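Novice: Make a model of this:
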Amino acid sequence: MKDLTTEIVRTEVQDGIGLICLAKPPVNALGVLLRKAIYDAYRRLADDPAVRIIVLYGDGRLFSAGADIKDLAKSDIEPTLPQVLGALHDSEKPVIAALHGAAFGGALELALAAHLRVGVQGLRIALPEVRLGVLPGAGGTQRLPRLTGCAAAIDIICSGREVEAKEALALGIIDRLTDGPPRDAGLAMAKDVLTGKLVPRQTDKLSVAFQPEVFAAAQKRLSGKRPALLAPVKALEAIAASSLPITDGLTKERKLFKDLMQSEERAGLVHAFFAERATGKMPEAAAMPRQINSVAVIGGGTMGVGIATTFLIAGYHVHLIEAQSARVPSARKAVEQNLNGALKRGKLDPDTHQTAFERFTCTDTLDAVANADLVIEAIFEDIAAKTDLFAKLDVICKPGAILATNTSYLDVNLIAAATSRPADVIGLHFFSPAHIMRLLEVVVADATAPDCVATAFLLARKLGKVPVRATVCDGFIGNRILTRYRRAADYLLLDGASFEDIDRALEDFGFAMGPFAVSDLAGLDIAKATRDRKAADRPPEERYSRIADLICESGWYGRKSCRGYYVYDGDEPRQVNPDVTAIVDNERRAIGSEPRQFTNEDIVDRCLTAMIAEAVSVLQEGIALGPVDIDAVELFGYGFPRHRGGPMFQADRIGPATLIARIEAYAHEDPQFWQVPQLLRDIAREGHSFATLNEQRIAMFEKGNKT
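Specialist: Numbering: from 1, shown residues only. Predicted coordinates:
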């Protein structure tokens with residue numbers, strides 16, 4: 001046996017079989033270094049007369065997660081991935097890819113260039129490039145259709161979805177599915193080839209028929225999506241070229257890939273990808289998390305039920321406490337319905353679904369929190385009720401238990417002060433529905449202990465959430481920015497834009513729902529309660545829109561009452577509520593507002609600028625650690641269009657000078673609302689960007705964690 005090991009690949013020869021092991025932990029990312037190492041190892045084995053067949057497999061928990069996203073800009077450095085794959089595919093010696101764990105993106109393209117593929121049970125494969133604003137650029141759009149046919153390839157590539165091993169086998173993506181280590185699986189397949197039991201095949205020599213009706217249906221479906229993203233449409237165009245000779249198809253694919261590499265959509269999606277991961281870099285990251293096994297949730301309403309469901313899905317023991325005895329059965333039933341839904345969506349398998357019920361209790365007894373490691377309060381937004389509850393928890397809960405509040409606006413310092421252990425108190429602001437929405441604002445009060453914060457971040461990842469650190473202010477990061485955004489929309493409504501035009505403009509920008517449709521969904525009475533709470537502190541010079549209050553006074557609270565800004569009739573599309581249009585007209589007359597015309601661009605500019613201005617103030621006050629944290633909050637909790645990257649990413653695209661000019665122009669109409677944050681002026685003066693602040697933020701905490 002000859003050993004030709006290098007640092008990031010292990011190469012050996014056994015009984016005429018050359019083996020190349022990808023060994024670049026933790027995920028064998030196919031960056032510049034690894035693809036060159038694979039290419040060099042292949043060349044050595046191809047030139048070795050003792051080698052008759054070559055097997056590629058991965059070390060660790062997966063074959064490869066695909067290209068290193070940080071290396072996307074280096075995709076043209078030779079050997080490029082298409083060059084490596086071309087060499088493997090054209091090899092005179094058969095090449096086998098033995099896949100386990102995951103083979104995503106470029107890693108699957110690598111496997112598609114091989115002559116045979118064997119999968120190990122539990123394998124997942126995907127070509128997820130469209131989720132980053134590009135398309136498979138190393139043959140994926142050409143070779144996959146040759147194995148599966150165009151319809152299946154369109155489904156897989158244009159959605160970026162994951163494919164489980166059994167489906168991959170049924171579609172012909174892999175040739176065999178087996179158990180055992182990938183090295184053994186590869187050796188076994190290689191021996192079958194050498195003894196004539198299996199015949200290798202070159203994907204490039206297969207053909208696929210062009211099916212006009214399949215592509216027309218896919219084009220209609222993709223173009224009708226909101227937002228209609230560029231990458232899936234271009235990927236469809238590349239797949240259509242798979243009916244051409246392979247050389248022509250690969251040329252077309254590469255051109256489309258390079259075009260997408262220059263798009264703003266790709267830049268925004270890549271920023272969103274990194275934003276999701278960057279928020280874990282924070283001051284408390286080095287602290288040792290506490291052990292959490294048992295969780296108690298107080299409050300059997302929609303939020304409490306969702307939080308309880310979240311922890312059950314993640315495998316925790318959960319006690320749900322609903323103070324009103326009559327509501328305990330309905331709270332229990334709601335959790336059960338959520339768990340059943342998780343089973344149907346594949347979030348739980350039948351076994352874990354059953355054990356979830358075994359790990360769940362629902363009671364009206366507060367003493368059930370006594371042995372919990374984590375207690376989360378999810379009662380109504382009233383500071384007196386919350387401080388009273390926390391004073392009781394202080395007595396009942398065991399030492400070291402974390403006491404968390406799910407408040408979305410209130411002062412966590414005041415809540416912590418109601419206990420004798422403020423170091424154990426933290427804000428865990430889930431978003432409704434809690435078992436589906438990905439954002440978790442981790443609100444750090446003045447006395448919160450570092451290990452309490454570290455525990456919250458670890459829990460968030462186990463729950464599948466994106467945690468973002470915030471400090472205390474009214475509304476924290478997300479709701480504070482949301483309030484400003486909504487005020488900008490309300491002022492547009494007062495000044496002449498219709499609420500349906502405002503919603504439509506922002507939905508065309510990429511939001512799933514406009515601000516007025518969102519208000520109907522959330523419940524107009526909820527927002528009114530917050531406005532009423534803050535009314536005493538409202539500055540006298542602030543413009544105040546009474547329109548939402550007047551709608552509530554009419555008994556219309558949005559979807560829950562089937563009427564709000566819109567009328568909701570079963571499954572029918574929303575319709576404008578004409579009575580609200582009359583309320584708007586009357587209110588404009590009452591305040592002497594002369595309606596003006598606003599274009600879609602005007603609407604988006606004003607709402608986005610208001611968001612950015614408030615976000616800069618949040619950053620300036622230290623409520624958020626960095627611009628990327630704000631983007632993560634908006635992307636994963638508030639529906640900011642992912643391909644737009646987030647408000648701070650947009651701020652850099654617009655430019656600080658333009659933003660300042662906009663705010664100063666708008667300030668002629670309303671100087672109280674439109675004010676330029678000093679940080680924005682500083683960035684403009686110094687020629688910096690929010691991207692620069694992100695780099696500084698990440699470098700600072702990476703350095704701190706290493707020391």
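
Novice: which residues in the stretch 201-350 of the chain form strands?
Specialist: If DSSP state E, counting those that start in this stretch is used as the criterion, the strands of the stretch 201-350 of the chain fall at 294-298, 317-321.

Novice: For Asp184, which of those strands is the nearest?
Specialist: strand 317-321 (38.9 Å; C-beta to C-beta). Glycine gets a C-beta too; all of them are placed from N, C-alpha and C.

Novice: Buried by neighbour count: which residues of stretch 331-338 qualify?
Specialist: 331-332, 334-336, 338 (16 or more other C-beta atoms under 10 Å).

Novice: From the rest of the structure, what touches that stretch?
Specialist: 300-302, 304-306, 308-309, 312, 320, 322, 357, 360, 362, 435 (C-beta atoms under 8 Å, 6 or more residues apart in numbering).

Novice: 10 Å - rerun?
Specialist: With contacts defined as C-beta atoms under 10 Å, 6 or more residues apart in numbering, stretch 331-338 is touched by 297, 299-302, 304-310, 312-313, 318, 320-322, 324, 327, 347, 356-357, 360-364, 433-436.

Novice: tell me the mean pLDDT over it?
Specialist: On average, the pLDDT along stretch 331-338 is 96.

Novice: Dump it to CSV, restricted to CA.
Specialist: C-alpha atoms of stretch 331-338 as CSV (Å, rounded to 0.1, in the frame of the first residue of the first chain):
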residue,chain,number,x,y,z
ALA,A,331,-53.5,25.2,26.0
ARG,A,332,-52.6,21.5,26.1
LYS,A,333,-54.6,20.9,22.9
ALA,A,334,-52.9,23.8,21.1
VAL,A,335,-49.4,22.3,21.9
GLU,A,336,-50.6,18.9,20.7
GLN,A,337,-51.8,20.4,17.5
ASN,A,338,-48.5,22.1,16.9
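
Novice: how far does it sit from the chain's center?
Specialist: 26 Å (C-alpha atoms, centre = their mean, to the nearest Å).

Novice: ok, now stretch 41-57?
Specialist: 41 Å.

Novice: what about it, start to end distance?
Specialist: 13 Å (C-alpha to C-alpha, to the nearest Å).

Novice: for it, which positions count as buried?
Specialist: For stretch 41-57, using 16+ other C-beta under 10 Å, the buried residues are 41-42, 44-46, 48, 51-57.

Novice: Dump the strands of the stretch 201-350 of the chain into TSV; add mean neighbour count and distance to Ala684 as well.
Specialist: Converted to TSV, these look like this (neighbours: other C-beta atoms under 10 Å; distance: least, C-beta to C-beta, whole Å):
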stretch	mean neighbour count	distance to Ala684
strand 294-298	26	46
strand 317-321	24	50
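
Novice: For Gly400, which of these is the nearest?
Specialist: strand 294-298 (12.4 Å).

Novice: Report the mean per-residue pLDDT for the closest one.
Specialist: Mean predicted lDDT for strand 294-298 stands at 98.

Novice: Adjacent strands (with direction) for it?
Specialist: strand 317-321 (parallel), strand 374-377 (parallel) (DSSP bridges).
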